[in-house]
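> Task: produce atomic coordinates for the following.
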Amino acid sequence: MRFELIDFGTDFLRQLWYVAIANMSVFVSEKVHFFYTQNLCRFFEFFFTNEFCFVICVVVADFALGRTDQMQFVPPFCPEGDGSSGTKAFIVGMGENEKHFLCFHKILSITYRIKALLILKRILYKWEIKGEIENPLLDYPKIDAIRLDTQEKELLLLKEDVLAQEQNSVVKQAYRWRLNEKIAEVRLLRAAHTGDTRRFRKYSEFVYGKPSSDIFAYTVQALKQVCEEASCSDDEHVRKTAEELSALIPANLTGYSIGELPNQETIDMVRDATLKTAGDLVSLPISQEEFDAEAIKAVFDQALSTLHGEGWNVVVDTSSKSAISVDQENQTVKVPEARRLPFAKLRILIVHEIGTHVARRINGERSKLKLLGLGLDRYERGDEGVATMREQSLGDKMEDFAGLEAHLAISLAYGLDGMERDFRKVYEILEKQFLLQELLSGKDYQSALSTAQTSAWNRTVRTFRGTNCVAGACFTKDIAYREGNIATWNVVRENPDEMFRLNVGKYDPSNNRHLWILDQLGISDEDIESD
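Sure, this is the predicted structure:
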């Protein structure tokens, strides 16, 4: 192993120091130990003080031998005699405009190694957002290839058993469709693990479908209308952002047919049905206006008790997630530790998460077809469609269907306008879209830009997860929100009676195969009432 210190000049405000590691692989993970010396700390503080570049030092232990090679490294600008030893250093110099004010001396202790990992991720995140990296490198360390092989074999055996032993042809077909989907999900994960983007796209389409060209055209038209109105704003930032977004989104899309936004009569009808279905959950005695994570947990616990949801738990999630979510596999509702909600929004979330996602799981397990608990094949579109429809019926004026950003991002990546886009190009459009949205909400430019960059980054990562971020390949799961929302509103407008069967289990009311299964097995809203 050798280290080389490269001097680019004597003026420290204009030079960049690199310490390069040769002849070894550098791994940064939760198992890496970080050792920081006083001299390296001073090295960091030099750059920090002069706001010249952003530097991080990662010290990597020798895993093979279980020890750390010894060396001496004293930067020339540090006082003599401070010496350092027992370290391997990997110093990364960022761009000249990177001025992130982080206090590196706090990382001296080994107890801060986890924070160091988060800082490293933040560096890469900021670097990528500023365009110094064209596309990020997404990795999937939790995918276990051996486990995937085992799961696929078990699913194939289960499919053989069901087809050989199940006597009811309808039940047999329902399980065949669902098992085919689960097998495809395993193969999708394997494609992500091996980096086979072509197969990943194939299985993503098989499981979750392709984005609708009609819905994409509708979304783009809605955005162009917003841009047109914003271009007349008195705010220079609003006008400029609207013009930039309008120039980025496709201009060659014409006619579409997706159905109109529901009228007030339909919304009121859905609201009444929602309150009839989940009224006991949202009429809980509430004595406060705002709720922190623990208070939200208490309300959700009470709602689960009302549903007789034995085996379900609500936990306060200490990870960095910001959205409340339902983990169906572990029967857990996760509430982020930093989450705060006013009662009006909490009431809507109770209906969305507990009254829909959890209730449909519980009722499905109690139905004639137990598979309705786990869900019929491709049920997600219906699950999110029902949840977002109910949410909209209880909210303020409905101005658009749900899931705009998710569907827009996937459609842009797919190139439904004739031009496939990679991670960077999708991110750039989403950043402008989120920025305009934040500015129109009244935020100042800097706050709006910061929020927009984070939102656009998170959405683009969700869009390209599982891929190598190239143009034309992405994870299509999140089209379920917008396409499911539109389809479910169309169902209740054309067939209002279906509203009362929505909670029998996890099915898609716009999927004719699902309706055939329920009708053939005689599963109706009476099954809910008889529980």
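
> Pick out the residue nearest the middle of the protein.
Arg462 (4.6 Å; CA atoms, centre = their mean).

> what residues does the helix or strand containing that residue touch?
Secondary-structure assignment from DSSP states H and E places Arg462 in helix 445-464. Counting by CB atoms under 8 Å, 6 or more residues apart in numbering, helix 445-464 makes contact with 125, 128-129, 136, 138, 237, 405-406, 409-410, 413, 423, 426-427, 430-435, 437-439, 441, 443, 473-475, 478, all of which sit outside it. From N, CA and C alone the C-beta is placed, and that goes for glycine too.

> Which ChimeraX command selects the buried ones in the residues you listed?
The buried residues among the contacts of helix 445-464 can be selected in ChimeraX (16 or more other CB atoms under 10 Å) with this line:
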select :128,129,136,237,405,406,409,410,413,423,426,427,430,431,432,433,434,435,437,438,439,443,473,474,475,478
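
> how about stretch 194-212: buried residues?
196-197, 199-204, 206-208, 211-212.

> same question, stretch 300-320
So stretch 300-320, judged by 16+ other CB under 10 Å, has buried residues Phe300, Asp301, Ala303, Leu304, Thr306, Leu307, Gly309, Trp312, Val314, Asp317.

> so of those residues, which ones are in helices?
Cross-referencing the buried residues of stretch 300-320 against helices under DSSP state H gives Phe300, Asp301, Ala303, Leu304, Thr306.

> who's in contact with the third one?
For Ala303, the contacting residues are Leu281, Leu284, Ile350, Ile354, Gly355, taking CB under 8 Å, 6+ apart as the criterion.

> ok, now how distant is it from Ser204?
34 Å (CB to CB, to the nearest Å).

> Could you do the first one as well?
Between Phe300 and Ser204 the distance, using CB to CB, works out to 32 Å.

> shaky segments in the stretch 301-450 of the chain?
Applying pLDDT under 70 to the stretch 301-450 of the chain picks out residues 320-322.

> again, only this time at 80
Along the stretch 301-450 of the chain, segments meeting pLDDT under 80 span 319-322.

> for it, what spans make up the strands?
313-317, 325-327, 332-336, 341-342 (DSSP state E, counting those that start in this stretch).

> Tabulate those strands (TSV), appending distance to Asp161.
As requested, the strands of the stretch 301-450 of the chain are exported to TSV (distance: least, CB to CB, whole Å):
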stretch	distance to Asp161
strand 313-317	32
strand 325-327	28
strand 332-336	29
strand 341-342	46
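
> any idea where the helices of the stretch 251-400 of the chain begin and end?
Using DSSP state H, counting those that start in this stretch, the helices of the stretch 251-400 of the chain run over 264-282, 293-306, 343-349, 359-365, 371-374, 380-394.

> May I have the third one as PDB, with CA atoms only?
Listed next in PDB are the C-alpha coordinates belonging to helix 343-349 (Å, rounded to 0.1, in the frame of the first residue of the first chain):
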ATOM      1  CA  PHE A 343     -56.000  16.800  13.500                       C
ATOM      2  CA  ALA A 344     -57.600  17.400  10.100                       C
ATOM      3  CA  LYS A 345     -54.700  15.700   8.300                       C
ATOM      4  CA  LEU A 346     -54.500  13.000  11.000                       C
ATOM      5  CA  ARG A 347     -58.200  12.200  10.500                       C
ATOM      6  CA  ILE A 348     -57.600  11.700   6.700                       C
ATOM      7  CA  LEU A 349     -54.500   9.500   7.400                       C
END
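
> How about residues contacting that helix?
So helix 343-349 is in contact with 282, 286, 288-291, 296, 299, 324, 341, 391, 394-395, going by CB under 8 Å, 6+ apart.

> From these, list just the buried residues.
Here, 16+ other CB under 10 Å leaves Val282, Phe291, Ile296, Val299, Ile324, Leu341, Glu391, Leu394 buried among the contacts of helix 343-349.

> these two touch, right, the last one and Ala273?
What it means is Leu394. No - contact criterion CB atoms under 8 Å: Leu394 and Ala273 do not qualify, at 11.3 Å.

> and of the buried residues of stretch 300-320, the nearest to Glu380?
Using CB to CB, Trp312 is the member of the buried residues of stretch 300-320 that sits closest to Glu380, with 19.5 Å.

> Spit out the contact partners of the closest one.
Trp312 sits in contact with Leu304, Gln331, Thr332, Val333, Val358, Ile362, where contact means CB under 8 Å, 6+ apart.

> Can you select the buried ones from the contacts of Ala303 in ChimeraX?
Buried residues within those, by 16+ other CB under 10 Å, are selected in ChimeraX with:
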select :281,350,354,355
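
> Redo the contacts of Ala303 as TSV? Include distance to Ala487.
TSV is the format used below for the contacts of Ala303 (distance: CB to CB, whole Å):
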residue	distance to Ala487
Leu281	25
Leu284	31
Ile350	24
Ile354	23
Gly355	20
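
> Would you mind listing the residues in contact with the nearest residue to Glu294 once chain neighbours are set aside?
The shortest distance from Glu294 to any non-neighbouring residue, by CB to CB, 6 or more residues apart in numbering, is to Val316 (6.5 Å). When contacts are counted by CB under 8 Å, 6+ apart, Val316 touches Ala293, Glu294, Lys297, Val335, Pro336, Glu337.

> Out of those, who's the most crowded?
Neighbour counts for the contacts of Val316, by other CB atoms under 10 Å, peak at Val335, which reaches 26 neighbours.

> My guess is Leu408 contacts Gln437. True?
No - between Leu408 and Gln437 there is no contact under CB under 8 Å: 11.9 Å.

> Contacts for stretch 515-523 next, please.
170-171, 173-174, 367-369, 372, 376, 501, 504-505, 507, 509, 524.
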